[in-house]
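# model this:
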Amino acid sequence: MELDPKIRQQLLIYQRLELTEYYIYRQLAQMVTSPENRQILERIAQDELRHAQDWEKYTGKAVSPDRFAIWKYVLISRVFGLTFGIKLMERGEEAAQANYTDLQQAIPAVEAWIRDENEHEHALIGMLDEELLQYAGSVVLGLNDALVELTGALAGLTLAFQNTRLIALSGLITGIAAAMSMAASEYLSTRSEKTSKHPVRAAVYTGIAYIMTVALLIMPYLLIPNYYIDLAIALSTAVLIIAAFNYYISVAQDEPFRARFFEMAGLSLGVAGLSFVIGYLVRQFLGVDL
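Below you'll find the model as predicted:
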């Protein structure tokens, strides 16, 4: 088939994209320890190779994979988890294939073919079993509670104490105690639900998420002597944590980002604002001066 140069160039982009993903999936398959996940990834890799070969029938030209993209997505999958890395990569593929208008005129069946192949890949990706996503609810619990409780506590303590060391000490004690309490509650809750989740692992994920959030929020008070600046940094850090985590969940679990982000950010900042006012009133009425 004689193709328009513009169409041929578009097909070459798709061809290189599919070949690149073949190498990515093949490397990921070698990386995972689960036999089930390895088999799924190998099947997707072969699908991607077949897609690239199909495109080559139209372009009549062999292409080389994008080595940087292979390195990038394998690294992301190692650091942030298999499902997140794969779904982030698939989002890029969908964006690249967003416009079929010119392509359909040259190859009428292309849209249905790509849609069927994508549905097949998404079904296979949905079969992946990853521990981190199984315990995403426990991580959400730890993050959400730490952000809401500690931003509120730090805001109140900032106005009540006006001393960075005292604020950091009080916040740290509060945070560690709350982390242990939340971990214990998650253990009991998971055990009573009798789900496939292991109670100890659920408790560990909750506790780690809580402690990490506590450390990030308190750190400014240990480094900067101005408590108003510290509070501003802590609140900004809370918003960044909320944004990063909700982006991760939106990609890995195909959930909407905006609604979840504004809900969590609104709760954390709302509680912080109310606690700030309470801290001021407590200081005034009790006549505390530290």
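
# tell me which helix or strand comes right after the helix or strand where Tyr210 lies.
Following DSSP states H and E, one finds Tyr210 within helix 199-223. Counting by DSSP H and E, the element after helix 199-223 in chain order, helix or strand, is helix 227-252.

# same for the following helix or strand past that following helix, what does it pack against?
Sequence-wise, the next helix or strand downstream of helix 227-252 (DSSP H and E) is helix 257-286. Counting contacts by 3 or more C-beta pairs under 8 Å, 6 or more residues apart in numbering; DSSP states H and E, helix 257-286 packs against helix 136-161, helix 227-252. No exception for glycine: its C-beta is placed from N, CA and C like everyone else's.

# for Thr83, find the nearest of those.
Within these, the stretch nearest Thr83 is helix 227-252; the backing value is 4.9 Å (C-beta to C-beta).

# show me what that closest one packs onto, helices and strands only.
The contact analysis (3+ C-beta pairs under 8 Å, 6+ apart) places helix 227-252 against helix 82-96, helix 136-161, helix 164-193, helix 199-223, helix 257-286.

# turn those into a markdown table, including mean pLDDT, mean neighbour count and distance to Ile107.
Listed next are those as a markdown table, based on pLDDT from 0 to 100; neighbours: other C-beta atoms under 10 Å; distance: least, C-beta to C-beta, whole Å:
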| stretch | mean pLDDT | mean neighbour count | distance to Ile107 |
| --- | --- | --- | --- |
| helix 82-96 | 75 | 17 | 16 |
| helix 136-161 | 75 | 23 | 40 |
| helix 164-193 | 83 | 17 | 51 |
| helix 199-223 | 86 | 20 | 48 |
| helix 257-286 | 74 | 15 | 34 |
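
# got these as TSV, with distance to Ile13 columns?
Listed next are the helices and strands packed on helix 227-252 as TSV, based on distance: least, C-beta to C-beta, whole Å:
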stretch	distance to Ile13
helix 82-96	7
helix 136-161	34
helix 164-193	47
helix 199-223	40
helix 257-286	27
